[in-house]
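Asker: what would the 3D arrangement of this be:
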Amino acid sequence: CTACGFKCHFECEYDIQSSSCHPTVGLAAAAASSANMTPLKLVESSDGHQLRRSISYNDLTRPLERRMEQTFKFAGPISAMAASKRLIYIAVGGASSSLQVLEKQSAKKMAEVSLDHSVSALVMVDKTLWVGTSREVIQCIEAKDNKVETVRQLTGHKKGPMRALQRIGKYVWSVSPQEICVWNRKEFKLHKYIPSDTVYNCILGCGDTVWCGSTVGMVFYDSQSFKKIKTPKEATATSIKFAIDKLVEIDTKDHQFVWAVHQTDNMISVWDVQAKKVHRSFEARRINDLFRLGDLVWTCSSDNMIRCIDIGTLSVVREFSGAHDDSISCMCLIKSPECLKVWSGSLDHAICIWKTEFKTHDWIPSDVKSGTCCICNKSLWGIGTVKTVKCKQCEMIAHLSCSDSLPVAAICDRPSSPLSKLSPQTPR
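Answerer: A predicted model of the protein is given here:
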């Protein structure tokens, strides 16, 4: 409370017994009296049993509605996740590596695929899941008629385990130490092999340029010719001094940026895309995964925390702790009829599902053929075969083929749920 200084859990703020404000109480005394509060949250495990969890919500600037909905336990640590239109794929490590396949909306287990090697990367390409493994092999998996099976095994890497997979244009790029493979995603064939003396950790397609994070800074390739672009002095390790472990593209109204995670150095550097140099940097604790949602970047880290960073101020505006007992390795953004949800996976063998305040579009068929798509920003005009859809809530228009995507533009601006508009005096 900004008036009296008392603290309460985000889940308790509508409790009628706590609604009385006493501004005469000293801020220091109020903070001291409430510093050791431990909130309790009941969630359900995959076998239906209720688990009591201590979840602390640290709201640093504004109240955003986020609640943990469920948690599931698996036989081993979670290393990666990826989602298709109907399913979510979860890579489980441990003594026997496997790929667990769940239905997105009900979280019901649909299938399980045993793997010979641990999973290092997952990416959905069209209707096929590409699985990068620790033994230089890519497995291509498809789900048909409630059956999940491996349709191809691709071998092309020669110098170590795979670090990252990324669909860039009509190709899939995969990186491992000192080499890059470019695959034809339609024919499942190796299109280009690029050896290198650089140890690569991650990869990102940004316009016509492919950004490769490495132990010696940033390396750039042309996405069409596959040739290395001359690297500015500001992009080398001599300038930034830190290895790059993760990359994510962050667009604003005026500029286009790439955020680079320096995991072991507890830092994120913000790169200007046009200048290909560091714009600014800020502290961030051992981040394992991150993605953008609205005007926030969600991050998960090795200190068992999920944090939300404002892309404008680069400050942490929300923190979640207590949901996981070990390092949070990955996150996945999921569409549901109710809202967008975030699944977080951890080395404690658990998956947690979080609700967000962001709503999704409620698409219906449309005959509109003029204007631009609200998701890809390309023209809606087409001859016969181009289909469009319209959101019943915000009336935005998009291509039917774009309506299942999850960029920032896929967030619906319809009014929030009545729950978020309750006054403090109204009991929940």
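
Asker: residue 320 touches residue 304, doesn't it?
Answerer: No: contact status for residue 320 versus residue 304: not in contact, 9.5 Å apart, counting by CB atoms under 8 Å. For the C-beta atoms, the positions are set from N, CA and C on the backbone; glycine is no exception.

Asker: higher neighbour count, the two?
Answerer: Set side by side, residue 320 and residue 304 show more neighbours around residue 320, with 25 against 18, by other CB atoms under 10 Å.

Asker: just say helix, strand or coil for the more buried one.
Answerer: At residue 320, secondary structure determined by DSSP: H, G, I helix; E, B strand; the rest coil is strand.

Asker: if the closest residue to it other than its chain neighbours is in a bridge, with which residues?
Answerer: Distances taken as CB to CB, 6 or more residues apart in numbering place residue 306 nearest to residue 320, at 4.2 Å, with adjacent residues excluded. Beta-bridge partners for residue 306, by DSSP bridges, are residue 300, residue 320.

Asker: residues contacting residue 306?
Answerer: For residue 306, the contact set (CB atoms under 8 Å, 6 or more residues apart in numbering) comprises 298, 299, 300, 319, 320, 323, 328, 331, 342, 344, 354.

Asker: partner residues bridging the residue sitting nearest the centre point of the chain?
Answerer: Nearest residue to the geometric centre of the chain (CA atoms, centre = their mean): residue 291, 3.8 Å. Beta-bridge pairing of residue 291 under DSSP bridges involves residue 298.

Asker: these two touch, right, it and residue 309?
Answerer: No: if you go by CB under 8 Å, residue 291 and residue 309 don't touch, sitting 11.3 Å apart.

Asker: what do those two both touch?
Answerer: residue 297.

Asker: re the thing from before, just the buried ones from the contacts of residue 306?
Answerer: For those, a burial check counting by 16 or more other CB atoms under 10 Å picks out 298, 299, 300, 320, 323, 328, 331, 342, 344, 354.

Asker: pull the contacting residues for the nearest residue in space to the second one that is not next to it in sequence.
Answerer: The shortest distance from residue 299 to any residue that is not its chain neighbour, by CB to CB, 6+ apart, is 4.4 Å, and that residue is residue 290. Each residue near residue 290 by CB under 8 Å, 6+ apart is listed here: 246, 248, 259, 261, 297, 298, 299, 300, 331.

Asker: and these, which is closest to residue 143?
Answerer: residue 331 (21.7 Å; CB to CB).

Asker: helices along the protein, start to end?
Answerer: With helices called from DSSP state H, the chain shows them at 27-34, 237-240.

Asker: what about residue 292, distance to residue 181?
Answerer: 27 Å (CB to CB, to the nearest Å).

Asker: who has more neighbours, these two?
Answerer: Set residue 292 next to residue 181 and count neighbours by other CB under 10 Å: residue 181 wins out with 24 against 18.

Asker: show me the shaky parts of this protein.
Answerer: Low-confidence segments of the chain (pLDDT under 70): 2-6, 8-69, 95, 232-241, 382-385, 404-428.

Asker: let's go with 50 and repeat that
Answerer: Flagging of the chain using pLDDT under 50 yields the residue ranges 11, 13-19, 23-66, 237-239, 415-428.

Asker: where along the stretch 151-300 of the chain do the strands fall?
Answerer: Counting by DSSP state E, counting those that start in this stretch, one finds strands in the stretch 151-300 of the chain at the ranges 164-168, 171-176, 179-184, 189-195, 200-206, 209-214, 217-222, 228-229, 246-251, 256-262, 267-272, 277-283, 287-293, 296-301.

Asker: so which of the ones you listed is the most packed in?
Answerer: Most buried of these, by mean neighbour count (mean count of other CB atoms under 10 Å): strand 171-176, with a mean of 25.

Asker: so which elements touch that one?
Answerer: strand 119-125, strand 164-168, strand 179-184, strand 200-206 (3 or more CB pairs under 8 Å, 6 or more residues apart in numbering; DSSP states H and E).

Asker: contacts only, for residue 149.
Answerer: By CB under 8 Å, 6+ apart, the residues touching residue 149 are 113, 141, 142.
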